[in-house]
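**Student:** sequence first, predicted coordinates after that:
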Amino acid sequence: MATIISDEYIKQILPTGKQYCIFIFKPGPDRDQPDAEQIQWQHVRYLFQLREDGKLSISCPVTDGSDVLGIGILNTSDLKEAKTILDNDPNVKKGRLIYEMHTCFGLPGDCLSK
């Protein structure tokens with residue numbers, strides 16, 4: 001049986017939400033480098049480690065050919081902490097990516113489908 005989305009249901013669920021930081025990766029000034037493939041691999045490894053450590057909730061490469069290369073949600077609402085995490089990304093360190101970030105609000109159970 002489906003859940004009825006009543007006012008009471010919404011009032012019950014909203015307070016259980018949590019603040020996060022969302023980031024948007026865009027091309028950096030030093031995108032083309034001779035060792036770009038190696039740096040990209042280090043970037044992917046870094047994202048996998050963040051996910052394993054519980055710091056990265058969602059990571060999605062953007063594949064539409066736009067100037068947005070990826071988006072993600074960090075499991076923190078602290079912009080300083082998020083900046084430190086993103087600044088340590090190998091692609092950001094090498095100038096291959098830049099980012100913008102924002103705080104956002106998520107509800108329990110929000111996830112990508114399997």
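**Tutor:** That came through fine. The shown structure was predicted, so the numbers you read here are calculated from the model rather than taken from an experiment.

**Student:** who's the residue most central in space within the chain bridged to?
**Tutor:** Computing the C-alpha centroid of the chain and ranking residues by Cα atoms, centre = their mean puts Gly72 first, at 1.6 Å. In this structure, Gly72 bridges to Phe23, Ser59 when assessed by DSSP bridges.

**Student:** was I right to think it contacts Val62?
**Tutor:** No: at 10.6 Å, Gly72 and Val62 do not qualify as touching, with contact defined as Cβ atoms under 8 Å. All C-beta atoms are positioned from the backbone trio N, CA, C, and that covers glycine.

**Student:** re earlier: how about the contacts made by the residue nearest to the centre of the chain?
**Tutor:** When contacts are counted by Cβ atoms under 8 Å, 6 or more residues apart in numbering, Gly72 is found next to 22-23, 25, 47, 56-60.

**Student:** repeat that for Ile24.
**Tutor:** With contacts defined as Cβ under 8 Å, 6+ apart, Ile24 is in contact with 68, 70-71, 99-101.

**Student:** what do you get for Ser57?
**Tutor:** Contacts for Ser57 were tallied using Cβ under 8 Å, 6+ apart; they are 20, 72-75, 106.

**Student:** mind giving me a markdown table with those residues and columns for distance to Asp87 and pLDDT?
**Tutor:** As requested, the contacts of Ser57 are exported to a markdown table (distance: Cβ to Cβ, whole Å; pLDDT from 0 to 100):
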| residue | distance to Asp87 | pLDDT |
| --- | --- | --- |
| Tyr20 | 18 | 95 |
| Gly72 | 14 | 97 |
| Ile73 | 17 | 96 |
| Leu74 | 12 | 96 |
| Asn75 | 17 | 95 |
| Gly106 | 23 | 90 |
